[in-house]
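Engineer: quick check, what structure comes out for this input:
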Amino acid sequence: MICFKNLLRFDGEIYQPVTSTSYRHTQTQIANYMGKALTTGCSGGAEICQKTEKTKTELMNLDSKSWTKGLDYPFDSLYVM
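Structural biologist: Below is the predicted model:
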């Protein structure tokens, strides 16, 4: 994965577009959770992340290349990483 908005997938030869997430996940990482790509939160000031985005979790189905919303991260804080 390259980024979360204007997301691209690289298969070793070519880049292909992938559906964007519903929320910004600035300065976060992707994890593998039960065979799906998982990202949660958004790190940055109010000019980058809305407060409601700091707890949002999304999962990507690697077969369909589409994102679904997961449960909100339960520990709201200034920085979720």
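Engineer: can you list the strands that the lowest-mean-pLDDT helix or strand in the chain pairs with?
Structural biologist: Using mean pLDDT, DSSP states H and E, strand 8-10 stands out as the lowest-scoring helix or strand of the chain, at a mean of 76. Under the criterion DSSP bridges, strand 8-10 sits next to strand 15-17 (antiparallel) in its sheet.
Engineer: in its sheet, what does the next helix or strand after the strand it pairs with sit against?
Structural biologist: Later in the chain than strand 15-17, the nearest helix or strand by DSSP states H and E is strand 31-33. With DSSP bridges as the test, strand 31-33 is paired with strand 36-40 (antiparallel).
Engineer: quick one: average confidence on the partner strand?
Structural biologist: Strand 36-40 shows a mean pLDDT of 89.
Engineer: could you point out the helix or strand that follows that strand?
Structural biologist: As assigned by DSSP H and E, the chain's next helix or strand after strand 36-40 is strand 57-61.
Engineer: quick one: contacts for G35?
Structural biologist: Residues in contact with G35, defined by C-beta atoms under 8 Å, 6 or more residues apart in numbering, are L62. The C-beta positions use only the backbone N, C-alpha and C, and glycine is treated the same way.
Engineer: roughly how far does it sit from C42?
Structural biologist: From G35 across to C42, the span is 24 Å (C-beta to C-beta, to the nearest Å).
Engineer: then F10?
Structural biologist: Distance, F10 to C42, using C-beta to C-beta: 24 Å.
Engineer: those two: who's more crowded?
Structural biologist: Taking neighbours as other C-beta atoms under 10 Å, F10 and C42 compare with C42 leading, 24 against 10.
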